[in-house]
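**Student:** Could you work out the structure for the sequence below:
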Amino acid sequence: MEKIDYLLWRDVGGLRDELIENVAPAIVDAGATALSVYVGDTEADIPRPSLLLGRGAELGAVLSVWLDSIDDRHPIEAAIGPADGYLVTESVPQRRRRDWPDGQPSPGVSHFTWFLKPDRLSDEEFFHGWHEVHTPSTTRLHPTRVGYVRDSVARVLTPGSPRVDAIVFEMFPTIEDYTDPKRLYGSQEALDETMEHLPLYADFETINARPLHEIVVRSL
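**Tutor:** Just a heads-up that it's a prediction; the model follows:
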């Protein structure tokens, strides 16, 4: 089984309804084993996100698709339309506990981040800094976070799409846990620690991020 993350660069006006009512059923009918939809329609409840970085403002939605083989992805991509697709290996350092059904909007907000491996780092240095140094410290940085999904990009699937090396989803249980700095960050020391670790896995100018609303259409 394999996972593909698709980034959609569209106007978010009406995008949630289009994705849930039309695109998601077509993806499932085309053979997706699991599907999560993340939409950037957050302006009403998060009008001025503090963690809007890089190309975050341009991102319309993200679709995370599980399927038995990427060989079968072409009908799925036809249903999605123009998008940047990335084959990833998923790791879940912090598993969220769900008590709501598939198809119902998830509570709170999902913070979505994607970035490049700095050329100065070898693959071993990059994964050590990201996975072994930074990841354990994120529970101190975001103590109210309830889920953390870390996708390492294996390769770009869609022709002409830009390179991406790292994709991250972080789930917060309420909007306030994300918008209130006193609840988002554990301490100034934890924030300083994160900035100290940053050069071990990323350059700030290559980090892209934004809040998204999640709907798990079909879970594994």
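**Student:** what pLDDT does the nearest residue to residue 60 once chain neighbours are set aside get?
**Tutor:** Of all residues not flanking residue 60 in the chain, residue 10 sits nearest, at 3.9 Å (Cβ to Cβ, 6 or more residues apart in numbering). Yep, even glycine has a C-beta here, placed from its N, CA and C like the rest. Per-residue pLDDT puts residue 10 at 79.
**Student:** what residue ranges in the protein are flagged as low confidence?
**Tutor:** By pLDDT under 70, the chain has no low-scoring segment.
**Student:** I'd guess the residue nearest to residue 60 is in a strand, am I close?
**Tutor:** No. Residue 10: not assigned to a strand; according to DSSP: H, G, I helix; E, B strand; the rest coil it is coil.
**Student:** can you pull out the strands in the protein?
**Tutor:** Using DSSP state E, the strands of the chain run over 2-8, 34-39, 61-67, 84-94, 109-115, 147-156, 166-172, 208-218.
**Student:** Quick one: closest of those to residue 48.
**Tutor:** Closest approach to residue 48 among the strands of the chain is made by strand 208-218 (10.9 Å; Cβ to Cβ).
**Student:** Run through the neighbouring helices and strands of that closest one.
**Tutor:** Using 3 or more Cβ pairs under 8 Å, 6 or more residues apart in numbering; DSSP states H and E, the elements in contact with strand 208-218 are helix 24-29, strand 34-39, strand 109-115.
**Student:** roughly how far is it from the heart of the chain?
**Tutor:** 7 Å (Cα atoms, centre = their mean, to the nearest Å).
**Student:** Need the CA coordinates for it. CSV is fine.
**Tutor:** C-alpha atoms of strand 208-218 as CSV (Å, rounded to 0.1, in the frame of the first residue of the first chain):
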residue,chain,number,x,y,z
ASN,A,208,5.8,26.8,3.5
ALA,A,209,2.9,26.5,5.9
ARG,A,210,-0.8,27.3,6.5
PRO,A,211,-3.8,26.1,8.5
LEU,A,212,-6.3,23.7,6.9
HIS,A,213,-9.6,22.2,7.7
GLU,A,214,-9.7,18.4,7.6
ILE,A,215,-12.3,15.8,6.6
VAL,A,216,-11.4,12.1,6.7
VAL,A,217,-13.5,10.8,3.8
ARG,A,218,-12.4,7.2,4.2
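**Student:** got the angle between it and strand 61-67?
**Tutor:** Calculated by axes from the mean of the first three to the mean of the last three Cα atoms, to 10 degrees, strand 208-218 forms an angle of 50 degrees with strand 61-67.
**Student:** Look at residue 60 and say how many residues are nearby.
**Tutor:** 20 (other Cβ atoms under 10 Å).
**Student:** Wait, it touches residue 40, no?
**Tutor:** Yes. Under the criterion of Cβ atoms under 8 Å, residue 60 makes contact with residue 40 at 5.5 Å.
**Student:** Now do the shared contacts for these two.
**Tutor:** Common contacts of residue 60 and residue 40 (Cβ atoms under 8 Å, 6 or more residues apart in numbering): 12, 15.
**Student:** Format the helices and strands packed on strand 208-218 as JSON lines; extra columns: distance to residue 65 and mean neighbour count.
**Tutor:** Formatted as JSON lines, the helices and strands packed on strand 208-218 follow (distance: least, Cβ to Cβ, whole Å; neighbours: other Cβ atoms under 10 Å):
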{"stretch": "helix 24-29", "distance to residue 65": "6", "mean neighbour count": "17"}
{"stretch": "strand 34-39", "distance to residue 65": "6", "mean neighbour count": "23"}
{"stretch": "strand 109-115", "distance to residue 65": "15", "mean neighbour count": "23"}
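**Student:** Before I go, just wanted to say thanks for your time.
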